[in-house]
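Asker: below are the sequence and a predicted model; questions follow.
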Amino acid sequence: MNQPRTVRIAVGPQGLADWACDAVRAGGGEVVDVSEAQGLVWTDFDTTEELIATLTRNPDLSGVQVPFSGVETYMPYIDEARTWTSAKGVFGGAVAELALGLLIGGMRHVAGYAREQQWSEDHGRTLFCARVTILGAGGIAQSLISMLQPFGCHITVVRNRQGDLHGVDAVVKTSQLNEALSQADAVVMA
């Protein structure tokens, strides 16, 4: 019986991402020098030129993983010769969780209460049954919509095109942004 070949992966820029090397190994890959690699995991957001130079020097790399969820920066370089992957979906849950915490903290006036020196009047309001408008419908928004369900929020999503989204009360186009904002108790830019 043939054993599956271990995939040889380089991580770049060199010396910057021990965590990525650990992730490659945890996934069953072998971390190697880029000259011996089948694929490349690039972890630095600010070194596109170095990435492109690395790819130029190593034309046999068959796959590239970039650190962004969006790939607009790399569009001029994406071709059929390699498989390109992105970090789409990787951060959605964590960022949505932070947004939920900030929504609750902001609506309940937590920062104001933390500065008080004595008991004060009640401020803020609960998130339960609030009207929440979310700008965008990507991975972060999808995760947040799911997290808002137990609060019974009325959720409006503003995006470039209309269409149904699971767990959302209304999806409106960007031309209706002002109306959606005027009816919101809270707004999230996702």
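Answerer: All right, it came through fine.

Asker: just the helices in the protein please.
Answerer: Remark: helices assigned in the chain by DSSP state H are 18-26, 48-57, 92-107, 110-115, 139-148, 177-182.

Asker: show residues contacting the fourth one.
Answerer: In other words, helix 110-115. Taking CB atoms under 8 Å, 6 or more residues apart in numbering as the criterion, the residues outside helix 110-115 that touch it are 104, 105, 120, 123, 124. C-beta here means a position set from N, CA and C on the backbone, and glycine is covered the same way.

Asker: ok now do the third one, which residues does it touch?
Answerer: Read it as residue 120. residue 113.

Asker: please identify the most buried of the helices of the chain.
Answerer: Stretch with highest mean neighbour count among the helices of the chain: helix 139-148 (a mean of 21; mean count of other CB atoms under 10 Å).

Asker: low-confidence ranges in the protein?
Answerer: In the predicted model of the chain, residues 1-4, 16 satisfy pLDDT under 70.

Asker: shouldn't residue 30 be in contact with residue 10?
Answerer: No: with contacts counted by CB atoms under 8 Å, residue 30 stays clear of residue 10, the gap being 10.1 Å.

Asker: okay, those two: which has more neighbours?
Answerer: A count of neighbours by other CB atoms under 10 Å puts residue 10 above the other of residue 30 and residue 10, at 22 against 14.

Asker: return the set of residues that bridge with that one.
Answerer: Listed beta-bridge partners, residue 10: residue 40 (assigned using DSSP bridges).
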